[in-house]
Every structure is written in structure tokens, then in C-alpha cells.
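Q: Next one to model:
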Amino acid sequence: MTQTIESLRASQRAPFSRLQATIRSSYHTAMTKRRKSEFKAHLSSTYPGGSLSPSSRANPHGKAAKKERFDRFNRFLKTWCTTGMPGTRPFFQGLWALLRLQVLPVALGGAGSTRIEWVFDDAVFQESA
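A: Modelled structure (predicted):
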């Protein structure tokens, strides 16, 4: 692209550059719309406990359900929390801090029996795609 622009006469560079900018803008707009629609579709198809097996969904507080959730979380960590993926580091530092606060008693500055809710922007998922 750069070579093409450099090979043009000066009088043709401006229209070509405008056309290039329009195409680039259209591409980014289409990608943003696609990411948002994919994200919304994923959220609408997700419901709490939906990843558990039917027997675990019947008793979500049972040992089998807890083990299943632990195994899925462990697999998630082993897949995404690696030194080869530095972009995920801030997320996992925040997750560690949240889990740490959740288990600490109030006297030590933790949440105690209060549930911590972690809210973050949808763009975190859409920008990484």
C-alpha cells in the first residue's frame, strides 16, 4: 500500500489516501459490529450453572458440582494464565486479589461472609478478539 501511494503523482495521492481511510474506517466499523453481536449472542446463550452436567445442576452445592467447577476453573487457569500470554496478566492479578479478599475475614480487611461482585467493561472481551 505504501509503495502504491509513493508511486502516484502528488495530485493523485490525496484522493487515494482518502479512499484508503474510508476503506479502513469501514473495516473497523464492521469488525466492531461483529464483535459486539458475537459478544451479545454469547451472553444471551450463557446462564448460571449451564456448563455443569445435568446431575451437578440438580444439586449445585453438592461435592460433584464443586469438583466439576474446580476442574473447569483449573483448566481455564492452565490454558490462559501462562507466562506466554502477558496480555492476560492484569486480569489474573485482579482475579487473584478478588479471590483473596473473598476468603479473608473482615478483621483482616477481607469481605468475610459478604459476596464480592466484580464488574468490568464488555470491551475487555471485545477488544481481545
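Q: Show me what the longest helix along the chain is packed up against.
A: What stands out as the longest helix in the chain, according to DSSP state H, is helix 10-44. With contacts defined as 3 or more CB pairs under 8 Å, 6 or more residues apart in numbering; DSSP states H and E, the packing partners of helix 10-44 are helix 2-7, helix 123-127. No exception for glycine: its C-beta is placed from N, CA and C like everyone else's.
Q: deepest of those helices, which one?
A: helix 123-127 (a mean of 12; mean count of other CB atoms under 10 Å).
Q: one step back: got the helices and strands packed on helix 10-44 as CSV, with mean pLDDT and distance to residue 110 columns?
A: Output for the helices and strands packed on helix 10-44, formatted as CSV (pLDDT from 0 to 100; distance: least, CB to CB, whole Å):
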stretch, mean pLDDT, distance to residue 110
helix 2-7, 78, 55
helix 123-127, 73, 25
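Q: Is residue 47 in a helix, a strand, or coil?
A: Following DSSP: H, G, I helix; E, B strand; the rest coil, we place residue 47 in the coil state.
Q: count of residues packed around it?
A: 8 (other CB atoms under 10 Å).
Q: and what of residue 56?
A: 19.
Q: And for the one 3 residues further on?
A: A count of nearby residues for residue 59, using other CB under 10 Å, gives 12.
Q: same deal with the one 3 residues further on?
A: Neighbour count of residue 62, defined by other CB under 10 Å: 12.
Q: any idea which element the nearest residue to it once chain neighbours are set aside lies in?
A: Nearest residue to residue 62 in three dimensions, chain neighbours excluded: residue 56, at 7.0 Å (CB to CB, 6 or more residues apart in numbering). Per DSSP states H and E, residue 56 falls inside helix 54-58.
Q: returning to that earlier point: could you check how far the residue nearest to residue 62 is from residue 77?
A: Distance, residue 56 to residue 77, using CB to CB, to the nearest Å: 20 Å.
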